[in-house]
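next comes the sequence, and after it the predicted model I'd like to discuss.
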Amino acid sequence: MTVHLVGAGPGDPGLLTLRGAEVLAAAEVVVHDRLASSALLDLAPSSAERVSVGKAPRGPSTPQDEINRLLVEHGRAGRRVVRLKGGDPFVFARGGEEAQALAEAGVSFEVVPGISSAIAAPAYAGIPVTMRNVATSFTVVTGHGDPWADTETDWGAVAGLAVSGGTVVVLMGVATRSDIADRLAAGGLDPATPVAAVRWGTRPEQRTVRTTLAGLGRAEVASPSVIVIGSVAGLDLAWFEARPLFGRTVVVTRAREQASTLVERLRDLGADTVELPTIEVVGPADGGRALARAAAGVAGADWVAFTSVNAVERFMALLPDTRALGPAKVAAVGPGTAAALARWHVRADLVPPRAVAEALVEAFPPGAGRVLVPQAAGARAVLAEGLTARGWVVDVVEAYRTVPATPSPDALAHAMAADAITFTSASTVRGYLDAAGEAAMPEVVVSIGPVTSAAARAAGVPVSVEADPHTVDGVVAAVVGALGDPTGA
C-alpha cells in the first residue's frame, strides 16, 4: 500500500484538492495535524483510524521522529495511510523529511500537493503576490526559529529581490518581525514599503493588518499570520472580508443530511457556521411497510399532498419512476417542497401562496376523491382535518420520524457564543432547547416560517425575524437582513 502525503490547504476546507479528497475517502489510517477544519477528517470513512500528531505552539507536540515511525509502521503493515498536513507538504511542513523516512524504509509514497498559505492568505486578503507592472516575482521565507545565523536566510539577498520588484512572503515570522524588518531595511529596502499581515487566512476569523516596513515591528500582529512585504501589499482588492456575513457566526440546527445547502449558502456569504443538528430523521416506526403499500397503490389516489422535503424524499424513493403516480395530481406545501419534487422530475400541480398547511387547505379544490398525505409521525393534523372538511377522503401515512440528536459539548459551547441561530422546523426548536436550554439562545433567532415561529414563541423563545419566503433562501436572506451590512462595507 502507499502512504499519501496530502496537503490540506490553509484552512478553508473548500481548498482541499480533488486528489486529496479521493485518497481521504479510501483511507484506513489518517495521521493528521491540528487542522483548521474538522470537516476534512469527515471525508475519511468512519471506520478509519484517526491519529492526531499536531504540534501546538508552546504546547504538547509529537516529535517528528515519532511521526516518521508511525507512517513507516502503518505503511509496512499494508494499510492505506493518509498523512494530512496543513498547507502544502513540501512548503515548511517537513513533508520532505517524512518522504525521506518512507523512502529509506522502502515504503511507497505519493505526494498530493496542497495550496500553501503563502499564496492563499494574501489572495483571500485581496493581495496578488505578483501583478503586471507591480511585482514580477515572489519569495517565500520562514521567520521561525533563529533565522539570523549565517547558515540561514540571507536577508540581504531577499531585500535585493524585493528592491528589484519582487514580493516577500514571510511564514511563521510574527515573533521575529521587528528583526526581519531591520534586516530588510539594512539590505536596501525602502522603510516605506507596504506590508500586510494576514491572520488566520482563508478562515472566517481572518483579519488583515496593514502597515509599512518601518512600522512592522510596532504593528499589532498576532500568530498565525502570513506577512506580505512589497508594493502589492498596498493593494486592497478585498472580496473575502467584504462579504455581508463575514465575521459572523450562525448556528444551523437542521438534521445533518439536510443542513448542507443552508450551511454552504451562509458560508458563501462569509459566515462561520456551527452545524448543530438537534434532530435526526429516521424511518417510520413500522419499518416503512405502510409507506411502501401507499406508494405501490398511489395511482389509485386523486392527489398526493406533501408537506415537507423529507416526505418527498422518503416517498418518491419507493416509486420505480414517476409514471407510477398515474393520474394522481401532486400538491406541495411550499416552494422548498416543490423544488424537492422537481428533483424527482415531478412538477407540483398545486403550491399555495404561503408555505403552511392552512394555506394548502385553502388552495385545495373541494372534492369527493382520495388524498394521500405522507408526513412525519406526530405532524399537525391541520391538513388532514381541513381536507376532510372540504369533502376529501384523506389517507395519512407515516413517512418518517424525527428523534432528538445529542450535540457534542464543544458544538454547544460554540453555538452559545454565536451571533444567530436558525430554526427550520418546530422539532429543531424543541431539540435545541432540550440540548442547550433557553438561556443558551443566541441573540438573533431566525425562523423559517409561522409554524416554526409559533413553536418557538410557545416555548418562550422570541423570534427576531421570520423568513419570507419560507425556504432556505428565505432563511439566508433573513440572516443577512438581521446581521449583515447592507452596504457591503
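Looks like it arrived, so ask away.

hey, let's count contacts and neighbours off CA atoms from now on
Noted.

what's the top strand by length along the chain packed up against?
Counting by DSSP state E, the longest strand found in the chain is strand 393-404. Here strand 393-404 touches strand 279-282, helix 289-296, helix 309-316, strand 370-376, helix 382-389, going by 3 or more C-alpha pairs under 8 Å, 6 or more residues apart in numbering; DSSP states H and E.

what do you get if the cut-off is 10 Å, keeping everything else the same?
With contacts taken as 3 or more C-alpha pairs under 10 Å, 6 or more residues apart in numbering; DSSP states H and E, strand 393-404 sits against strand 279-282, helix 289-296, strand 303-306, helix 309-316, strand 370-376, helix 382-389, helix 426-436.

so for V23, which of those sits nearest?
strand 279-282 (29.0 Å; C-alpha to C-alpha).

residues making contact with the closest one?
253-258, 310, 376, 399-407, 425, 427-432 (C-alpha atoms under 10 Å, 6 or more residues apart in numbering).

and with 7 Å instead?
254-255, 400-405, 428, 431 (C-alpha atoms under 7 Å, 6 or more residues apart in numbering).

please apply the same query to stretch 76-90.
1-10, 24, 27-33, 35, 74-75, 95-96, 107, 113-117.

picking that back up, only whichever of the contacts of strand 279-282 are buried, select them in PyMOL.
The buried residues among the contacts of strand 279-282 can be selected in PyMOL (16 or more other C-alpha atoms under 10 Å) with this line:
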select buried, resi 254+255+400+401+402+404+405+428+431
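
between all of the contacts of strand 279-282, which two are separated the most?
Y400 and G431 (16.6 Å).

picking up where we left off before, let me have the helices and strands packed on strand 393-404 in JSON lines, extended by mean pLDDT and distance to S137.
As requested, the helices and strands packed on strand 393-404 are arranged in JSON lines below (pLDDT from 0 to 100; distance: least, C-alpha to C-alpha, whole Å):
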{"stretch": "strand 279-282", "mean pLDDT": "88", "distance to S137": "52"}
{"stretch": "helix 289-296", "mean pLDDT": "97", "distance to S137": "65"}
{"stretch": "strand 303-306", "mean pLDDT": "98", "distance to S137": "59"}
{"stretch": "helix 309-316", "mean pLDDT": "96", "distance to S137": "52"}
{"stretch": "strand 370-376", "mean pLDDT": "96", "distance to S137": "61"}
{"stretch": "helix 382-389", "mean pLDDT": "95", "distance to S137": "67"}
{"stretch": "helix 426-436", "mean pLDDT": "90", "distance to S137": "52"}
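
L171 is nearest to which of these?
Closest among these, using C-alpha to C-alpha: helix 426-436, at 40.2 Å.

quick one, the closest one and strand 393-404 angle?
When axes from the mean of the first three to the mean of the last three C-alpha atoms, to 10 degrees is applied, the directions of helix 426-436 and strand 393-404 differ by 20 degrees.

what's downstream of helix 426-436, the next helix or strand?
For helix 426-436, the following helix or strand on the C-terminal side (DSSP states H and E) is strand 444-447.
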